[in-house]
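Q: Provided below are the primary sequence and the corresponding predicted coordinates.
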Amino acid sequence: MTKPLKSKRAWVVALAALLALSLLLVVLGCGEEETGTTAATAAKTTAAGKGKIYVAVTGEGELEAGGGNMGLAVVDLATKEVKMVNAPDAAAPHGVMFTTDTATAPNTRGRTATEQPKDVYLANAQDGVIHVIDVESGQTLETIPPPDNAKLAPCGMQEGPDGKIWISSMLDGKVYPLDPKTNKVGEAGPGGGDVTSSICGISWSKDGKYAYLNNMSANPGYIAKVTWPDGKLVSKIENITKPSPELTVHQSEVTPDGKYLYVTGGADDTLIKIDMETDQVVKKIPIGGETHSIVFTPDGKTAYIAVRHQPTENESSIFVYDVEKDQVTDRIPGIKAPLICGIVLAEG
């Protein structure tokens, strides 16, 4: 701002006039600049807040079917309104994915849609059952059982290079394929044994030659890199979270350009950024809450993070994340449940 001028006797009138003119120009100039900045900010916010987030929700202290706010939360990014959709048959939903009826964007592994879905897959940790859920009513359209004798406790769902949806299991550390053409879950695939004991997330290199399995029960957590689809262990990316009595590594997602793997380190409230060319951790970003799942917009500029116990112990939020700056830019509260897990984005 312009500082007051000390007038001198001979120039008081001239300086007063000059000051008045300067102030007028400053006010006009500032007004135009603010208008431009506001418009740019609004445009950016609108672009970043397009569509809806669909979240798998487990209610407070409830694991049995239909207990608490059990099912889905639908978050409108434009209005920041949250709709809770109770699914009467759901038992501790953790994974969520679009069905083949919904068009999805390239390079998003089926987790970002170009239109709003009519139904989604909802994977239940309690009984290993996958439900096809109507997103408006929460009613079950189809029930998909796990394979016989499978130790399947779903934590996440992700579309693989083969077009199948791979379900990561917390019980045996293996991944299971769901064929979206037949709606049947096949026998266990990679993982287990010395590779992983409890998986929450799975991601792939852009060329589909390698899978990254998040071992959540290790202390501290690690990621097992395996060849795909035979599952031979290549290496372990270790110590990506600090030691904690809580489960550590949750879900993950590769940026649409295939350069970075972002992992949610729930126990230490971080987001871990891994260079996929070197498999090295390049940054650990404090988020300010228990991170559980992340999804990117197709352009890779914005991410949305499921954060538990924020802003209160029994409430959760979606954090908006600027990928270029690696920082949180906004928070959308209002999910009435302490445990939120998988998320998908529908921009259309």
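A: Received it, and whenever you're ready, just let me know what you need.
Q: Tell me the predicted confidence for residue 75.
A: Looking at residue 75, its pLDDT stands at 98.
Q: now do residue 266
A: Looking at residue 266, the pLDDT reads 76.
Q: wait, it sits on residue 291?
A: Yes - applying C-beta atoms under 8 Å as the test, residue 266 and residue 291 come out as touching, 5.4 Å apart. To be clear about C-beta, it is placed using only N, CA and C from the backbone, and glycine gets the same treatment.
Q: which neighbours do the two share?
A: Residues touching both residue 266 and residue 291 (C-beta atoms under 8 Å, 6 or more residues apart in numbering) are residue 250.
Q: any chance you could map the strands in the stretch 151-300 of the chain?
A: 154-159, 165-169, 175-179, 184-185, 199-204, 210-215, 222-227, 233-237, 249-254, 260-265, 270-275, 280-286, 290-296 (DSSP state E, counting those that start in this stretch).
Q: so what strands line up beside the shortest one?
A: It refers to strand 184-185. Note on strand 184-185: by DSSP bridges, its sheet partners are strand 175-179 (antiparallel).
Q: and the direction of the strand it pairs with versus that of strand 165-169, what angle?
A: In terms of direction (axes from the mean of the first three to the mean of the last three C-alpha atoms, to 10 degrees), strand 175-179 departs from strand 165-169 by 150 degrees.
Q: Strand 175-179 to strand 199-204, inter-axis angle?
A: 60 degrees.
Q: so which of the strands of the stretch 151-300 of the chain comes closest to residue 57?
A: Residue 57 lies closest to strand 290-296 among those, at 11.3 Å (C-beta to C-beta).
Q: What pairs with that closest one, parallel or antiparallel?
A: Sheet pairing for strand 290-296, using DSSP bridges, gives strand 302-308 (antiparallel).
Q: mind listing the helices for the stretch 1-150 of the chain?
A: Using DSSP state H, counting those that start in this stretch, the helices assigned to the stretch 1-150 of the chain run over residues 12-48.
Q: Strands of that one, start to end?
A: In order along the chain, the stretch 1-150 of the chain carries the following strands (DSSP E, counting those that start in this stretch): 52-58, 71-76, 82-86, 93-98, 112-113, 119-124, 130-134, 140-144.
Q: tell me the mean pLDDT over the fifth one?
A: Per-region confidence: strand 112-113 scores 98 on mean pLDDT.
Q: just the first one next, same as before
A: The predicted model assigns strand 52-58 a mean pLDDT of 96.
Q: quick revisit: nearest to residue 255, out of the strands of the stretch 1-150 of the chain?
A: That would be strand 112-113 among the strands of the stretch 1-150 of the chain, by C-beta to C-beta, at 11.9 Å.
Q: Which elements pack onto the closest one?
A: Secondary-structure packing of strand 112-113 (3 or more C-beta pairs under 8 Å, 6 or more residues apart in numbering; DSSP states H and E): strand 339-346.
Q: partners of the strand it packs on, with directions?
A: Using DSSP bridges, strand 339-346 pairs in its sheet with strand 52-58 (antiparallel), strand 112-113 (parallel).
Q: ok and it relative to strand 93-98, angle-wise?
A: Orientation of strand 339-346 against strand 93-98 (the same axes, to 10 degrees) gives an angle of 0 degrees.
Q: How far away from the center of its chain is strand 339-346?
A: The chain centroid and the centroid of strand 339-346 are separated by 6 Å under C-alpha atoms, centre = their mean, to the nearest Å.
Q: tilt between that strand and strand 249-254?
A: With the same axes, to 10 degrees defining the directions, strand 339-346 sits at 10 degrees from strand 249-254.
Q: Determine the angle, from 0 to 180 degrees, between strand 339-346 and strand 119-124.
A: Relative orientation of strand 339-346 versus strand 119-124 (the same axes, to 10 degrees): 160 degrees.
Q: how about strand 339-346 as PDB, C-alpha atoms only?
A: Provided in PDB are the C-alpha atoms of strand 339-346 (Å, rounded to 0.1, in the frame of the first residue of the first chain):
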ATOM      1  CA  LEU A 339     -13.500 -45.900   8.800                       C
ATOM      2  CA  ILE A 340     -13.500 -44.900   5.200                       C
ATOM      3  CA  CYS A 341     -11.500 -47.000   2.800                       C
ATOM      4  CA  GLY A 342     -11.500 -47.300  -1.000                       C
ATOM      5  CA  ILE A 343     -12.400 -44.300  -3.200                       C
ATOM      6  CA  VAL A 344     -13.200 -43.800  -6.900                       C
ATOM      7  CA  LEU A 345     -13.900 -40.600  -8.800                       C
ATOM      8  CA  ALA A 346     -16.600 -40.000 -11.400                       C
END
